[in-house]
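1. Quick one: sequence plus predicted model below, questions after.
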There are 2 protein chains.
Amino acid sequence: MMCQAGMSIGAAIALGFGAPGSLMAQSIKDLQMPRGPLVLKAQGSFFIGGEKSEQTRVELGGLGPGGHIAVNQMYVRFMVPQRGGRIPVVMVHGATLTGKSWETTPDGRMGWDEYFVRKGHPVYVPDQVGRGRSGFNQAVFNNVRAGSTPPDKLPNVLRFSDEVVWPNFRFGSKPDAPYPDSQFPVAAVDELSKQGLPDLSFGGLPNPNPTFKALSDLAVQLNGAVLMGHSQSGPFPLAAALLNPTAAKALVLVEPGRCPANYTDEQIKTLASIPILAVFGDHRDTSTGISTRASWQESFESCQQLISRLKAAGGQAEMLNPPDQGIHGNSHMIMQDKNNLQIADLILRWIDERVKRRGKK
Amino acid sequence: MMCQAGMSIGAAIALGFGAPGSLMAQSIKDLQMPRGPLVLKAQGSFFIGGEKSEQTRVELGGLGPGGHIAVNQMYVRFMVPQRGGRIPVVMVHGATLTGKSWETTPDGRMGWDEYFVRKGHPVYVPDQVGRGRSGFNQAVFNNVRAGSTPPDKLPNVLRFSDEVVWPNFRFGSKPDAPYPDSQFPVAAVDELSKQGLPDLSFGGLPNPNPTFKALSDLAVQLNGAVLMGHSQSGPFPLAAALLNPTAAKALVLVEPGRCPANYTDEQIKTLASIPILAVFGDHRDTSTGISTRASWQESFESCQQLISRLKAAGGQAEMLNPPDQGIHGNSHMIMQDKNNLQIADLILRWIDERVKRRGKK
């Protein structure tokens, strides 16, 4: 960390990964220094949304009397570049993950959050409601503990095992067997494992997920933004745009779990007014290792179908499929892959062309 | 957000707080712009510590087969100033909170994280293990849900109600009744409420709390750091320093819940080698509203006693009590108070004097 800015990246790296399986493998010296300083007009954090919940002493954990707390609020961290003036980009993470997905990569390289800022875009990175620094309603946990609510009322709490991550995130067919062309920095896969958090999204949150409205409200407060989702949150930009289509200036769906097939013609007409890009990695025909999705090709094809519907309605929806451009080996964690900035450049160019073009109309 | 850097802060503020009780009160326009750009040599995030846990399909939430996950890892976000070269400062938050405590204040002013960076210190802001973006072991929740573990094995999950926060954090004797001289930005108290998260520290984590070791390891990786704790984590810097006293270059205990009274003479001798500052706000004689602590004066006196023991052992431990300097009305959330940068300046000066002096020995 003490090296001079302006040093070559190579000279600034100390690749000190330890033995496989060690969770003490990475250290601060593995973090790579950027080539030049990052100059910010502003940075910080705030919350969007949330509601008050009145709870009993037991529901609050018993330290003080009952009363009101905030629940379901969404934390957002932001960086605004000193120079730029380009459109804000909101980056939402996927299941069992947090906003960390977009920050420093597992092997210590620059994340998309900083890279987009360096390219002139203010960047806003939320944690989904119920994860990371964003709130949720914990009352049921304490009520079950106290015996006043039956245990089967607890929400399911999801984590992905490392053994599932390897095939499902398409690093390789099984742990420690990376695809020969894999772009994921597999030597640092344990650092990705540390990004995992228990996920309450599958039964522990209000329906619809409060993150949809929070993203829409954030786009409104920003006077327009590009909404980017990933994996589980891949379709979230679509949901947010349907709540306020004028604030969602463009949607980027990065490796969405599924592009919805059940939109009404009216919804399709609304979404057709917004530039939409779906982005997928490679090796989509391989087995995921989980029962709810045979392969990511299913996800890809669901997005192809949505794109076709949107195009038929006059929309400018597109697929970014890197293998079509000779870029191979990208994983589900494409924003962390070794060529993550190359992929970012393709998305940045698309934003520049599509959002500018739209503004000129 | 669109105003020019260099504008007066007053001109850049749009104080648009809504009606009391509304959780939609704050918006991005409430965020204040700094006077000049923030120039960073580096920023990003990483993890410290953690361990692998082998879990069943049920424990992982049932989506995939059993396997290994990372648990109890500590997330750290950092900013390194382009110019500075001062000692790194690690800022740890208190109970039911996250690293957000140190970021943008509830009323949109600069947090201590950025202010210390602007004063030349690299700043590292962790989330305690079990909160925010830091991991924990969720297996018991899914086992109770499945009926294989009795409900009373669930950990207690703590939140503070707004009604408790007012007297306990010493904004006023009860909600909406601020002390006339209160430094806390009470119009934005709902934004503090949103910083609250369910807290597993009181029964849901390994013992000792893995955050102690993670802080110590972080200080080692930084080749020495100032460790700062707040409230529940107020004593954490002491615990981390006892694990590795040479890496802990100074300890700042901000409104610690308690300064331990049970250190051995050997531990006191170790801690006496490190500059230590305890920092408290005002109105400490008022009732907290919770049963475990009658008043914060108890906490203050426990630290006075520790300081006396350390001084008797040759240590340079000190109390920063702003009322002694004519500064009144500070709350428990002193890093968010309206005069937060005035308090920061006192701490910065202390670090500068004590750590430099120590380095010169």
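-> Cool, got the structure.
2. Could you pull out the buried residues of stretch A:199-215?
-> A:199-201, A:204-205, A:209-215 (16 or more other CB atoms under 10 Å in any protein chain shown). The C-beta positions use only the backbone N, C-alpha and C, and glycine is treated the same way.
3. and it, average pLDDT?
-> In this model, stretch A:199-215 has a mean pLDDT of 95.
4. Then stretch A:137-146?
-> Here the average pLDDT along stretch A:137-146 is 98.
5. which residues sit against that stretch?
-> A:53, A:55-56, A:58-62, A:71-72, A:149-151, A:153-155, B:141, B:144, B:151-152, B:154-157, B:159, B:198 (CB atoms under 8 Å, 6 or more residues apart in numbering or on different chains).
6. buried subset of these?
-> Neighbour-count burial (16+ other CB under 10 Å) applied to these gives A:53, A:55-56, A:58-62, A:71-72, A:149, A:151, A:154-155, B:141, B:144, B:151, B:154-157, B:159, B:198.
7. So, low pLDDT: which residues of the stretch 151-300 of chain A?
-> The model of the stretch 151-300 of chain A has no residue with pLDDT under 70.
8. redo that, cut-off 90
-> A:202-203, A:289-293 (pLDDT under 90).
9. Pick out the residue of it closest to chain B.
-> Nearest residue of the stretch 151-300 of chain A to chain B: A:Ser161, at 2.8 Å (CB to the nearest CB).
10. Helices of chain A, start to end?
-> Remark: helices assigned in chain A by DSSP state H are A:9-12, A:112-118, A:139-146, A:162-168, A:189-193, A:210-221, A:236-243, A:265-271, A:296-312, A:340-360.
11. now for the fifth one, which elements pack on it?
-> Meaning helix A:189-193. Counting contacts by 3 or more CB pairs under 8 Å, 6 or more residues apart in numbering or on different chains; DSSP states H and E, helix A:189-193 packs against helix A:162-168, strand B:38-55, strand B:67-81.
12. and what of the longest one?
-> For helix A:340-360, the contact count by 3+ CB pairs under 8 Å, 6+ apart identifies helix A:112-118, strand A:248-254, strand A:276-279, strand A:317-320 as packing neighbours.
13. Of those, flag the one that's most buried.
-> Across these, averaging neighbours per residue (mean count of other CB atoms under 10 Å in any protein chain shown) puts strand A:248-254 on top, at a mean of 26.
14. Need the CA coordinates for that one. CSV is fine.
-> Extracted C-alpha coordinates of strand A:248-254, given in CSV (Å, rounded to 0.1, in the frame of the first residue of the first chain):
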residue,chain,number,x,y,z
ALA,A,248,-34.5,4.6,-15.7
LYS,A,249,-32.4,5.9,-18.5
ALA,A,250,-30.9,2.5,-19.4
LEU,A,251,-30.9,-1.0,-18.0
VAL,A,252,-27.9,-3.4,-17.8
LEU,A,253,-28.8,-6.9,-16.9
VAL,A,254,-25.6,-8.7,-16.0
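15. Any idea how far that strand is from the middle of the chain?
-> 12 Å (CA atoms, centre = their mean, to the nearest Å).
16. could you measure the residue most central in space within chain A against A:Leu200, distance?
-> Closest to where the C-alpha atoms of chain A average out (CA atoms, centre = their mean) is A:His93, at 1.9 Å. A:His93 sits 14 Å away from A:Leu200, going by CB to CB, to the nearest Å.
17. follow-up on the earlier one: find the residue closest to the residue of the stretch 151-300 of chain A closest to chain B in space, skipping its chain neighbours.
-> Excluding the flanking residues, the one nearest A:Ser161 by CB to CB, 6 or more residues apart in numbering or on different chains is B:Gly67, at 2.8 Å.
18. If anything else comes up later, I'll come back, but that's it for now.
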